[in-house]
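1. Just need the structure, nothing else, for what follows:
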Amino acid sequence: QVQLVESGGGLVQPGGSLRLSCTASGFKLAFVAITWFRQAPGKEREAVLCISPTDGDTYYSHSVKERFTISRNNGENTVYLQMNNLKPEDAATYYCAAHREYLGDCSGQSNEYPTWGQGTPVTVSS
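-> Purely as a prediction, here's the structure:
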């Protein structure tokens, strides 16, 4: 069964850090692009950051540059989203998604991702 499971969300004060994890089962993360999306209440889902099969990263949200990074541990079949200097506007439910194409490039289009995790909520508040 192909599945993604996110973890690591929670409540953090402004300026704090969180590391989100996205662990796959039923397939190897190493061979597909993985993108983190987020959706805040009342807002559309947006792509944040992607890691390609060649470990290149693509930022779709300019507001997170210099603060968020993405990485992958193939041995653990897990992709991580390190979030530093969190701001209230980063609060959202974060989802990881696996691209439909084997060895395909990153894309910010959510309809190209057939496999999604259940989401992990991030709250940034003092």
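
2. hey, where'd the strands end up in this structure?
-> In the chain, the strands defined using DSSP state E lie at 3-7, 10-12, 18-25, 34-39, 46-51, 57-59, 68-73, 78-83, 92-98, 115-116, 120-124.

3. can you redo those as a markdown table with distance to Cys106 and mean neighbour count?
-> For every residue, glycine as well, the C-beta is placed using N, CA and C. Shown next, in a markdown table, are the strands of the chain (distance: least, CB to CB, whole Å; neighbours: other CB atoms under 10 Å):
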| stretch | distance to Cys106 | mean neighbour count |
| --- | --- | --- |
| strand 3-7 | 16 | 17 |
| strand 10-12 | 27 | 14 |
| strand 18-25 | 15 | 19 |
| strand 34-39 | 6 | 24 |
| strand 46-51 | 4 | 22 |
| strand 57-59 | 4 | 16 |
| strand 68-73 | 10 | 18 |
| strand 78-83 | 12 | 22 |
| strand 92-98 | 11 | 24 |
| strand 115-116 | 15 | 16 |
| strand 120-124 | 21 | 18 |
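
4. Check the ones you listed for me: which has the lowest mean pLDDT.
-> Among the strands of the chain, strand 57-59 has the lowest mean pLDDT, at a mean of 93.

5. List the neighbouring strands of that one plus their orientation.
-> strand 46-51 (antiparallel) (DSSP bridges).

6. Spatially central residue (nearest the centroid) of the protein, please.
-> Trp36 (2.3 Å; CA atoms, centre = their mean).

7. Pretty sure it sits against Tyr95.
-> Yes: using CB atoms under 8 Å, Trp36 is in contact with Tyr95, at 7.1 Å.

8. which ones are touching the residue nearest to the centre of the chain?
-> The contact partners of Trp36, by CB atoms under 8 Å, 6 or more residues apart in numbering, come to 20, 22, 47-50, 70, 79, 81, 94-97.

9. Report the beta-bridge partner residues of it.
-> Leu49, Cys96.
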